[in-house]
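Colleague: got a sequence here, can you model it:
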Amino acid sequence: MIHPTWCRHMTRPDEVILPIPSDAAYRLWAKGKLFLFHGWFEVVVQLGLKKGSLLVFNPLDATTFKVSYFIDGVIGNSYWTWLTSASCRFSVIPEFILPNCYAYTSTDVNAVIYIGNNMFDVKIQTIGGQAGFSKGIDVVVHQFHLEAGCYMVFAKLFG
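Modeller: This is a model prediction of the structure:
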């Protein structure tokens, strides 16, 4: 059985109850409207989670979860962002994710986004002082039917 992965965006720094999306709860336990409650606040404190943190829950079985957490949008060499509109033509990349060997202020850089076995050619361009994916990110949005508000998680695989 494939267990559903789900995300939660922390809306308060002191969340003591974390709702589980109804579709994920139903697939795991055949019930909706479930919450992580007992012990959750200790997890928040131990990991240093705060408002704006993004949590990705990957159930290993019905009672065990692998949790990836992004504080200030980043974990290791990965970061998350959300799609502000379905006609998005630019997706910002945090500065510290980019390798220092490119001068992003002067030229566009060709890049590749891998999703499963699919490869998408995109450009990294600087607009208004921010580097981000430009030409080609719209193809990803269209092919995967992404809508405004979707979370996108990127892992850096620079050489």
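
Colleague: would you map the helices across this structure?
Modeller: Secondary structure of the chain, counting by DSSP state H: helices at 22-29, 40-47, 137-143.

Colleague: show me what the mean pLDDT comes to for stretch 80-92.
Modeller: The average pLDDT within stretch 80-92 is 72.

Colleague: for the longest strand along the chain, what is the distance to the chain centroid?
Modeller: Determined from DSSP state E, the single longest strand within the chain is strand 118-127. A distance of 17 Å separates the centroid of the chain from that of strand 118-127, by Cα atoms, centre = their mean, to the nearest Å.

Colleague: show residues contacting the lowest-mean-pLDDT helix or strand in the chain.
Modeller: In the chain, the helix or strand scored least confidently by mean pLDDT, DSSP states H and E is strand 91-92, which has a mean of 72. Contact with strand 91-92 is made by 81, 83, 130-133, 137, 152, as judged by Cβ atoms under 8 Å, 6 or more residues apart in numbering. (Glycine included, C-beta is placed from N, CA and C.)

Colleague: state the pair within those residues that is farthest apart.
Modeller: 83 and 131 (17.6 Å; Cβ to Cβ).

Colleague: which of those two has more neighbours?
Modeller: Neighbour tally, residue 83 and residue 131, criterion other Cβ atoms under 10 Å: the higher count belongs to residue 131, 21 against 18.

Colleague: may I have the beta-bridge partners of that one?
Modeller: When bridges are called by DSSP bridges, residue 131 pairs up with residue 126.

Colleague: no further queries at this time; thank you.
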